[in-house]
Structures are given as structure tokens and as C-alpha cells.
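Asker: Any chance you can model this:
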Amino acid sequence: MSLTPEQEQQAISLIRGFAMDAPLYAKSGHQGTAMSLAPLAHVLYGRIMRHSPADPHWVDRDRFILSNGHASILQYSMLFLAGYGLELDDIQEFRQWGSATPGHPEVHHTAGVEVTTGPLGQGFANSVGMAIAERRLRAHFGAESVHHHTFVIVGDGCFMEGLSHEAASLAGHLGLGGIVCIYDDNHVTIDGDTNLSYSDDVAKRFEAYGWHVEQLGEVADDLDALEAGIRLGMAETERPSLLILRSHIGYPSPDLTDNPHAHGNPFTAEHVTNTKAVMGIPDEPFWAPDDLVAAYRTHCASRGDAAVSAWRERHHAAGIDAALWDATWHATGLAGWQEALPSYADGESIATRVAIEKAFNASLDSVPALVAGAADLTGNTGTKLAGQVPQSVEHPDGRQIYYGIREHGMGSAMVGMALHGGVLPAGGTFFVFLDYMRPAVRLAALSRAKVVFVFTHDSVGVGEDGPTHQPVEHVATLRAIPDLQVIRPADANETMQAWVAAVEHDGPTALVLSRQNIPVRTDGGAVHTGAGIVRDADDPQLVIVATGSEVALAVAASEALAGDIRVRVVSMPSWDRFERQGDDVRAAILPAGVPVLSVEAATTFGWARWADRSIGIDRFGASAPGAVVLDRLGINLDHVVTTARDMVAG
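Answerer: Predicted coordinates:
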């Protein structure tokens, strides 16, 4: 069932009405962009995109991202019209506690939302990851099973953010033809006209990145011209496409069209009344004629059902191995995958950044979703996959990704890959450069995106590069992020189990790994519960708890104290995993009444949760050989032994 021209115009008026009414009733929101882009949203959902309201997670659907997520009412209006489960009550509860229509779109919260957007530019960068995922899966499984586009709407703010430069440069270099980006060129930011701060020639900028660029011009209300422009972008297969659309924020308001106040200040009731009069719709809140809504939902359902049915036939005929397909789309391992991981004997010495590379390469055949890369530090961070070609136009199935010196872009692209599905991205950089990608790490946690962040050179052991490269405060930063699994393994065995924990986890994992070699002192078992006993003593008088490379130091201290003090040594690679254990498990490892000394080559912030006293580094580091810096800053045997004796002596 196709929509008539009259129904299409009615639907656009409904979207514009919702865009005004929802912020008015919430006393909060952004109506102007949603109003001006209502025709574009209808063309995408009603004419262009292959999507299924009955099956929102159908793997071969086109993906839609609203990068300027403050215009969320635009997407919610389309999800209401298309039949994704939002009803009038949900629209009326816009931005309210517990509603399905929060202020910015949130993946897993509202059916039909693909990524969590809000911080400008993130959705645009996510689209790069989604296009990488689609191309790799298409090359791996065939176009009969995977072949779709990623559509993303961006605004001026998205392109002002530095992240957009990183992401656009990467997308152009990789030739990601699956991206169709529509730039809402409305010349407005909160402060006023964009000429206050922005004079980029966006078309030339993106042409320089290697994008296909089309100037659509003043066609924001011309449905056929919008459709034709989008299809031009879809036809480009080896370059991402940017479609520049000149729109007028707040249109068709007779009071506030092209006015910056239309951006983030809800219209007054009078403004709404005046605009609805121009549109010729009733001056009533949340106008949504039953017959129009029913017709639109039937239209989208029939298109979606036909697309899914045709895909199922093609996919079935392709004869793809079901176990391989499922393991790929769930980003997990094939049966028995852990058996291929190496193990290490007590006393062997290996850096955990080296161990993770061995884990990745041992898993290439059995974790089919794994792709890996780094921000120009592939060999340094253990993210080099043996025998794998780089991801590129020439090798669309490549599992090795070279992100270049683009930490922020890498992080956001990995979030996009993970939320697309079918890819388990592992991306590495030096731990100190978390500073350049923390927004993506936070959004990975908020989105529960299954990403593996590999952070190496994890302490002042980095050495001569000095304090600019010595991340003393960064592990505390990671531990403060809700829903982020953080693991700092003590040695190669714990690194293997950290990789297992990452593959089995349903959200993001940060692996914090050493530059320097570390002697093997564990069997890896502490990772499962977050903490575990490495060396024990009968009726211990003191527990020394440590993470990472400092576990070996704790073991050495226990041996030095063996004749005088009964010491239990605990490795605590993951605070969050330990926190999730029951009281009985935690008490068995850290018994009540026994003093606890923590040792970690990082700030002591937060250790009061677990320890009575802490040895750490509550200052910036220094430039010198790593072993010298560690020693001078108190991460040494004498300091641990002396502190232990003092604690037991009371």
C-alpha cells in the first residue's frame, strides 16, 4: 500500500506538530530542526530505507542515525508513525522520567534507535564504524545476506566538533560507500548565525577527504528532489556521500523561521497556534488522525515485511553455516574457542601487551567477529593480527584496521561497529591517550556496546617519555565509568582470562596492559571473580592486594616477610567484577579484621574502598628509565615491606 501525496503532506504536518507540541508540554526540547527536516525524515522512512517495524533488529536493515540527537522528537515522530511501538502517550511523555522518549535517542531504550546520540559528532563517527561493519560482513557472507546502507543526519555542530574531522578523514580514506550523510545546513547554532564562528567550505572540505559531495540546495520541502538526491548518494559504492541540504530552522513558523531561538527554546502556545494555522491543521495538541497513522503504519509494515521475506529467501539459499553466522552476529566464540588460548608457567616473563596479541591471534578462527587495530600503534599495543590484510576498498573483508592517529575517531567508530552487530572491535592506544577518546568510552558504556579498548603502557613504567606519557590517574578514571568492565591483568595468564571475560561480556571492556615484561605469578583465575588469592598463608596477619605488574612485587614482598609476617597476596584485576560478587566471596578473599595494603603504580584514589593503607603514585611521573621511575616513586620492595611491617606492628 503506497501513501497518496495528500497523506505524505499530512504526515509531514503531523511530524511538525509533534515537534512543537512535545517540547511545549515538556517545557524542554528542540523543535526547530525537527520541523525543518520533517520532509527528509518522511522520505527516508517512507520511501527510501529498508526497515521493518515488526522486526527492528533484522540484521540487513538500513541503519539510521540522528547525529544531531537534540532533534530527537524528529526520530520519535517517525518511530510513532512507522509503528515501532511508540504511541501517543509516549510522545506526550517526551523527556519525562521513565519515558520511551528521552531527551536524546538511546539505543536499547527505544525500539528503532540504533545508537545513543547527543554529544555532537558522535553519531556521525558511529556511522563510519557501521559502514566498516557492513562492508566486512558483506564481503565475508555475501551480498545476498548482508547489503545495506547507513543513513546519518548531521548539523553544523556535528561538523564543528573535531571528532568529525577524524571520522570523515578515516571514512574517505577507507572508501566507505555505504554511508549516506545528509548535512542539515541551516546556518544556526545556539549563539546565533553560524557566521559568528564558522566559515568552512564544507563541500570542499569533504571533497578533500575523498567523499562524494552533492549540493542539494533549497529542496528541504521537495520530496521528489530529496529522494533523488539520496539515491544519488546510495549509487556511489566506493566513496562515502555527503548531501548538503539548505534548510530553514523552525519552518514554517511565521514567527521564528531562521531564528536561533527556534533551536532550543520551546515555542510558546501562540507560536504553535500561528504555525498550525499556516500548515492548515487543527490547533489541538498532538494532532494524529487515526486514519493517517493507520495508513502510514500499514505502508511501512508492508514494505518491511516484503524486504524481510525476500532477504530470508536469499539468506537461506546462501547456505551459510549457522554456527558461524550466530557466533559472528553475537560477537562471541565458536564452541570450545577458549581451548586455543595459550597458558604460561610460573616464572615466565612477558608483557601483557604482548600476551593480548597472542590471545587475539589464537582466536582468529574461533572468534569470527574479531577485528583489531590501533591509533598508529598496532605493533606497540598488541593489536596486530597475524596474516590479516588491512580493511580497504581492495580488501573489504580485512580484519586489520589502521585508524591512523585518530584516537577519538577510532573509539567512536568501534562503538558504531559493535552496535551494528557482527563485529567485535578491539582497538589499541597508549593508556595516556584515553584523554583523547574518553567520550567514546563513556558512550560505549552508556550504550552497552561490546567493544574491547586495549590500553597499553599503563603506568610510569613507560619510562623516558616522561609524565606526559605516564597515565597515573587514568585507571581511576576508567573505574569511575558505570557499566564499563575494567581489567588490569597481573600477567600473561590473567591476560588470557581477561580476553575470555571480554568476549563473554555483554558490554564494553577496557584492558589495561603493561609495556614492560612481567613475571607470571598467577593461574589467571582471579579474573573470573575480579580478585583471587595468589599466595596464601595460614591465618594471615596482612593481605597485600595489587593489580597488574605490582602483583609480582606483592609476591616478592610476601616472600621477604615470610619469616616474620603471615601474608596473603591477592590479585585484583577487576574492581567491578569483584564488586559484583556476593559478600561471602569477597569475605573469603579479603577477610574481616585482617588489615589490607594495596599496591598499584597509579593514583591511590578509590582504594579506600578495599584497603586500609595504599602504596601508589599521587603525583605526576618523571622522565627516566621505567625501573628507575618506579623505584624513585616508591613502587619498590623496600617500601612495601616497610609499610607491611608498620601495619602489622600497629
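Asker: Leaving out chain neighbours, which residue sits closest to Leu81?
Answerer: Closest residue to Leu81 apart from its sequence neighbours, by C-beta to C-beta, 6 or more residues apart in numbering: Tyr296 at 4.7 Å. Using the backbone N, CA and C atoms, a C-beta is placed for each residue, glycine as well.
Asker: Buried by neighbour count: which residues of the host helix or strand of that neighbour qualify?
Answerer: Taking DSSP states H and E as the definition, Tyr296 sits inside helix 290-318. Buried residues in helix 290-318, counted by 16 or more other C-beta atoms under 10 Å: 292-293, 295-297, 299-301, 303-304, 307-308, 311, 315.
Asker: Could you tell me the average pLDDT over it, please?
Answerer: Regarding helix 290-318, the rounded mean pLDDT is 98.
Asker: C-terminal to that helix, what's the next element?
Answerer: Per DSSP H and E, helix 290-318 leads on to helix 322-329 as the next helix or strand towards the C-terminus.
Asker: chain center to the next helix or strand after that next one, what's the gap?
Answerer: Counting by DSSP H and E, the element after helix 322-329 in chain order, helix or strand, is strand 349-350. Between the centre of strand 349-350 and the centre of its chain there are 32 Å (C-alpha atoms, centre = their mean, to the nearest Å).
Asker: ok, and what's touching strand 349-350?
Answerer: Residues outside strand 349-350 that contact it (C-beta atoms under 8 Å, 6 or more residues apart in numbering): 344, 491-492, 517-520.
Asker: okay if I get the buried residues of helix 290-318 as a markdown table plus distance to Val599?
Answerer: A markdown table is the format used below for the buried residues of helix 290-318 (distance: C-beta to C-beta, whole Å):
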| residue | distance to Val599 |
| --- | --- |
| Leu292 | 67 |
| Val293 | 63 |
| Ala295 | 68 |
| Tyr296 | 63 |
| Arg297 | 61 |
| His299 | 64 |
| Cys300 | 59 |
| Ala301 | 61 |
| Arg303 | 61 |
| Gly304 | 57 |
| Ala307 | 58 |
| Val308 | 56 |
| Trp311 | 55 |
| His315 | 54 |
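Asker: closest to Ser574 among those?
Answerer: Of all the buried residues of helix 290-318, His315 has the smallest distance to Ser574: 38.5 Å, by C-beta to C-beta.
Asker: Not counting sequence-adjacent ones, nearest residue to that closest one?
Answerer: Ser145 is the one closest to His315 (C-beta to C-beta, 6+ apart), at 4.6 Å.
Asker: and that neighbour, which of the three is it?
Answerer: coil (DSSP: H, G, I helix; E, B strand; the rest coil).
Asker: That one is in contact with Asp60, isn't it?
Answerer: Yes: proximity of Ser145 to Asp60 meets the contact threshold set by C-beta atoms under 8 Å, at 7.0 Å.
Asker: the more surrounded of these two?
Answerer: Ranked by neighbour count (other C-beta atoms under 10 Å), Ser145 and Asp60 place Asp60 first, with 22 against 19.
Asker: give me every residue that touches Ser72.
Answerer: Applying C-beta under 8 Å, 6+ apart, one finds that Ser72 lies in contact with 30, 66, 101-105.
Asker: Looking at those residues, which are in strands?
Answerer: Leu66 (DSSP state E).
Asker: who wins for most neighbours among the contacts of Ser72?
Answerer: With neighbours taken as other C-beta under 10 Å, the top of these is Leu66, carrying 29 neighbours.
Asker: Ile481: which of the contacts of Ser72 is nearest?
Answerer: His104 (18.2 Å).
Asker: per-residue pLDDT, the closest residue in space to that closest one that isn't next to it in sequence?
Answerer: Once flanking residues are discounted, His104 sits nearest to Gly118: 3.6 Å by C-beta to C-beta, 6+ apart. With respect to pLDDT, Gly118 scores 93.
Asker: Contact partners for Gly118?
Answerer: 69-70, 103-105 are the contacts of Gly118 under C-beta under 8 Å, 6+ apart.
Asker: how does it look with 10 Å?
Answerer: By C-beta atoms under 10 Å, 6 or more residues apart in numbering, the contact set of Gly118 is 66-70, 72, 102-106, 443, 446.
Asker: Which of the residues you listed fall in helices?
Answerer: 72, 443, 446 (DSSP state H).
Asker: Closest one of those residues to Pro368?
Answerer: Ranked by distance to Pro368 (C-beta to C-beta), these are led by Leu443 at 25.7 Å.
Asker: any idea how far the closest one lies from Leu163?
Answerer: 11 Å (C-beta to C-beta, to the nearest Å).
Asker: One more: Ile565?
Answerer: 52 Å.
Asker: of these two, who's got more company?
Answerer: Each of Ile565 and Leu163 has its neighbours counted (other C-beta under 10 Å); Leu163 has more, 24 against 19.
Asker: Find the nearest non-adjacent residue to the more buried one, please.
Answerer: Here the residue nearest Leu163, using C-beta to C-beta, 6+ apart, is Gly121, at 4.0 Å.
Asker: Show me where the protein dips below the pLDDT cut-off.
Answerer: Scanning the chain for pLDDT under 70 picks out 1.
Asker: picking that back up, can I assume the residue nearest to Leu163 is in contact with Ile65?
Answerer: No: applying C-beta atoms under 10 Å as the test, Gly121 and Ile65 come out as separate, 11.5 Å apart.
Asker: Done for today, thanks.
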